[in-house]
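Novice: coordinates for the following, if possible.
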Amino acid sequence: MDKATFAAGCFWGVEHKFRKLNGVISTQVGYTGGHTENPTYEEVCSGSTGYAEAVKITFDPGKISYKQLLDIFWSIHDPTTLNRQGFDVGSQYRSAIFYHNNEQKKLALETKPQNAVTEIVPARKFWRAEEYHQQYYEKTGRTGC
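Specialist: Residues are numbered from 1 along each chain as shown. Model prediction:
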């Protein structure tokens, strides 16, 4: 198994897109890239913690490659808008790839669109979001952020 961590706006929708893929073993939503300990959703939403709403994916590279995950990442959001996805505005909604090894970094840089503002940075501590955020669409029947 391998891991991938992406931020592409509201983590509910991002998680939903990746959960459906063959080869994705599990997903969890949470916060990464910030500077406080054990952040809460409210703290992250304030924009003062430096965290991004992100999805950590465990996948089977024998069934789906990291490159395929990147292709989906680039296609499900607008990587050209700084700190914004649709109506969601703030650094917590930024586009970012948190790579777990040098091969992931290389592939992220190779596939990054020329006009993208997406951060490509090493994976850091991932704080799992509160339980009510996990698989939010499945729990609530909602279909969009």
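
Novice: from residue 50, how far off is residue 6?
Specialist: Remark: distance between residue 6 and residue 50 (C-beta to C-beta, to the nearest Å) = 17 Å. (Glycine included, C-beta is placed from N, CA and C.)

Novice: how about residue 36?
Specialist: For residue 36 relative to residue 50 (C-beta to C-beta), the value is 8 Å.

Novice: ok, residue 61 next?
Specialist: 30 Å.

Novice: next up, the contacts around residue 125.
Specialist: By C-beta atoms under 8 Å, 6 or more residues apart in numbering, the contact list for residue 125 reads residue 32.

Novice: show the pLDDT at it.
Specialist: On pLDDT, residue 125 comes in at 97.

Novice: in three-state terms, label it for me.
Specialist: Following DSSP: H, G, I helix; E, B strand; the rest coil, the label given to residue 125 is coil.

Novice: and the gap between it and residue 98?
Specialist: 10 Å.

Novice: shared neighbours of the two, which are they?
Specialist: residue 32.

Novice: so which residues of the chain form strands?
Specialist: Assigned by DSSP state E, the chain shows strands spanning 2-8, 24-32, 52-59, 84-85, 88-89, 95-99, 119-122, 127-128.

Novice: shaky segments in this protein?
Specialist: 143-145 (pLDDT under 70).

Novice: list the contacts for the residue of the chain most remote from its centre?
Specialist: Most distant residue from the mean C-alpha position of the chain: residue 62, 21.5 Å away (C-alpha atoms, centre = their mean). By C-beta under 8 Å, 6+ apart, the contact list for residue 62 reads residue 23.

Novice: the protein: helices as residue ranges?
Specialist: In the chain, the segments counted as helices under DSSP state H are 11-19, 41-45, 66-75, 102-111, 136-140.

Novice: reformat those as TSV; add distance to residue 129.
Specialist: What follows is the helices of the chain, written out as TSV (distance: least, C-beta to C-beta, whole Å):
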stretch	distance to residue 129
helix 11-19	7
helix 41-45	6
helix 66-75	19
helix 102-111	22
helix 136-140	9
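
Novice: let's have the strands of the chain in TSV, adding distance to residue 136.
Specialist: As requested, the strands of the chain are exported to TSV (distance: least, C-beta to C-beta, whole Å):
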stretch	distance to residue 136
strand 2-8	15
strand 24-32	8
strand 52-59	11
strand 84-85	16
strand 88-89	14
strand 95-99	20
strand 119-122	24
strand 127-128	13
